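Trainee: Just a sequence and a predicted model for now, questions to come.
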Amino acid sequence: MRQYTSEEIRSKYLDFFKSKNHQVIPNASVIPENDPTSLFTTAGMQPLVPYLLGEPHPQGKRVVNVQRCIRTGDIEEIGDDTHCTFFEMLGNWSLGDYFKKESIRWSWEFLTSEEWLHIPKERLFFTVFAGDQDVQRDEESYSLWLDLGVDAEHISFQSKEHNWWGPVGSTGPCGPDTEIFIDTGKEKCSESCDPSCDCGKYLEIWNNVFMEYYKNDKGEFTPLSQKNVDTGMGLERVLVALNGGTVYNTDLFEEILKKIHELSDQKDVKPTESKDFRIIADHIRTATFILGDPKGITPSNVDQGYVLRRLIRRAIRYSKLLNIEEGGIAQISQAVIEKYSSVYPELNENRDKIIQELNLEEQKFGKTIRQGLKEFEKVIKRLDEKTTVIDGASAFKLYDTYGFPIELTQELATEKGFTVDINEYQERFEEHRKKSQKGAEQKFKGGLADHTEETTRLHTATHLLHEALRRVLGDSVEQRGSNITSKRLRFDFSFGRKLLPEEISEVETIVNQAIKDDLTVVNQEMTLEEAKQQGAIGLFESKYGEIVKVYSIGEFSKEVCGGPHVKHTGELGTFKITKEESSSSGVRRIKAVLK
Ligand code: SER
């Protein structure tokens, strides 16, 4: 059977949509910019939210790209044949241009025509939205698939749970979708097995979302000002559909798994088949992309840093099962960098940092384990002589306070003739998970994706702050990241030391003066070259491609940015810095409010 490579699919996809007059837009960072609705970029549409809501996109109404994404929904499930925490999403968009007819026809053409992927029609299955009290049944998509010659038996209507996409946070653009599945050839798990079943017979490869609604904070669906199409197809999964096997059989994992095999003492194991190998490969691939991002995320106990820490520690834990020595995960990461640097050059640029952080985290984890072992001994001593069961609360404390994985507690317990009350442990774990999920939802509620007045004002304030920092601290200051909620802005920038109190107050004075001057905010579109010539700042150039939007605030600041912004700085009120701290090595973080 002909085997396709990842490079081939990336370029075929882009070429196909270029032939349908789409402009290729470069892909954005895995750490969302100005978007507090999620920790990571989970879909290609996320950086496009302003344009789905009606802002004109500088590249026009038809755009296409390959977007690196991270989904951390349930990392405990990684290791099966088709789920990855990091993946690449092939996506095409209509920003208020074409709608269902073209979108469905082009998907069909790309998948089935001889010139493109040439997948046999009999292997493709489709789902469409069944309708509910909010939005009607999608008869149009159903008929469009039939018109193309799809057998009615291959199309099923599904509920909102299956055939509705978005919003990413609690509010934002969303809509009914039609999903495309490939029949993997496995047996049906039951009589009623269909594409909505997750037994593995049907693999979802492509999702076409008809984004014409906005879900507001009351939970209502209101029509957007324009009808959009947002599609997403998983690169790894398309390769599975074409080549057979699992995501771990694709060229994307080949060298990574080979490296793990080389470092491990499990020479008889087939790396693509082993759950331990798969987990290490998946987690280190994801960790490498997070660490390789210029935003400077490092392992920590909050937000993205926490997810990163979990991924690295879980990979280390599994690498120990394969007797991989200390320093091994950094070597595995080198294999990831080699594989991906031609497409994602920042991995190579940040190679030293990636390796250093992985090694550092491995050392820290080692220390944690040693402390945890001491605590484990104490737990055993505390137990009543008659019992051989370690209670769930103690096991959970080992996990929560000492970062001790439950599997390790169980193993140690077995060695000493004990067992762990796993049910009670799981209850505690669930309780904790629910609490932290609520916390996270609270934290990420609202924000720029909502385009509220507050977030728009804070966004403009961010530009003023950026310029003021450069005036006070020098031109070496560059934006490293930004995150805005309805209450405050957070701005990360390159600078090597703590700011002096007089520097902070000077920055505040400059920003407040710019507000008092009631400067006009204007935006123009130009090429990236022109923007640079005009001295526009803005670090995140690669996201924008050729034509960019430049926001000028009077003569004060000029920055490449997607918007939105206020019209006059006088709308901002009073600017106050509430915190200045270190974010990571060489990066400072400022939190500020408008009163
Ligand atoms: N946003 C949709 C998804 O993630 C289509 O790209 O499935």
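Mentor: Alright, I've got the coordinates. None of these values were measured; they are calculated from a predicted model.
Trainee: show me where pLDDT drops low in the protein?
Mentor: 35-37, 436-451, 539-547 (pLDDT under 70).
Trainee: Would you mind listing what in it touches the ligand?
Mentor: 43-45, 91, 165, 207, 209, 230-232 (C-beta under 6 Å from any ligand atom). For glycine as for every other residue, the C-beta is placed from the backbone atoms N, C-alpha and C.
Trainee: nearest to the ligand, of those?
Mentor: residue 232 (2.3 Å; C-beta to the nearest ligand atom).
Trainee: Surely that closest one is in contact with residue 42?
Mentor: No. At 9.8 Å, residue 232 does not count as touching residue 42 under the criterion of C-beta atoms under 8 Å.
Trainee: Among the residues of the chain next to the ligand, name the ones in strands.
Mentor: 91, 165, 207, 209, 230-232 (DSSP state E).
Trainee: Just the buried ones from those?
Mentor: Using 16 or more other C-beta atoms under 10 Å as the burial test, those include 91, 165, 207, 209, 230-232 as buried.
Trainee: would a markdown table of the residues of the chain next to the ligand with distance to residue 392 be doable?
Mentor: Output for those, formatted as a markdown table (distance: C-beta to C-beta, whole Å):
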| residue | distance to residue 392 |
| --- | --- |
| 43 | 37 |
| 44 | 41 |
| 45 | 41 |
| 91 | 43 |
| 165 | 38 |
| 207 | 39 |
| 209 | 42 |
| 230 | 43 |
| 231 | 45 |
| 232 | 40 |
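Trainee: tell me, which helix in the chain spans the most residues?
Mentor: helix 351-382 (DSSP state H).
Trainee: which helices and strands does that one pack with?
Mentor: helix 275-291, helix 303-321, helix 328-340, helix 392-402, helix 406-415 (3 or more C-beta pairs under 8 Å, 6 or more residues apart in numbering; DSSP states H and E).
Trainee: hmm, try it at 7 Å
Mentor: Using 3 or more C-beta pairs under 7 Å, 6 or more residues apart in numbering; DSSP states H and E, the elements in contact with helix 351-382 are helix 275-291, helix 303-321, helix 328-340, helix 392-402.
Trainee: Deepest-packed of those, please.
Mentor: helix 275-291 (a mean of 26; mean count of other C-beta atoms under 10 Å).
Trainee: Could you check how far the closest residue to residue 365 other than its chain neighbours is from residue 515?
Mentor: Leaving out its chain neighbours, the residue that sits closest to residue 365 by C-beta to C-beta, 6 or more residues apart in numbering is residue 313, at 5.2 Å. Using C-beta to C-beta, to the nearest Å, we find residue 313 at a distance of 45 Å from residue 515.
Trainee: cool, residue 264 as well?
Mentor: 59 Å.
Trainee: With residue 587 instead?
Mentor: Taken as C-beta to C-beta, the span from residue 587 to residue 515 is 26 Å.
Trainee: so which pair among the ones in strands among the residues of the chain next to the ligand is furthest apart in space?
Mentor: 91 and 165 (12.2 Å; C-beta to C-beta).
Trainee: For residue 553, grab the count of nearby residues.
Mentor: Neighbours of residue 553 under the rule other C-beta atoms under 10 Å: 22.
Trainee: Give me the neighbour count for the closest residue to residue 50 other than its chain neighbours.
Mentor: The shortest distance from residue 50 to any non-neighbouring residue, by C-beta to C-beta, 6+ apart, is to residue 562 (5.4 Å). Residue 562 has 26 neighbours, counted by other C-beta under 10 Å.
Trainee: Quick check: residue 562 vs the ligand, distance?
Mentor: Distance, residue 562 to the ligand, using C-beta to the nearest ligand atom, to the nearest Å: 18 Å.
Trainee: try residue 117
Mentor: 18 Å.
Trainee: same deal with residue 518?
Mentor: 40 Å.
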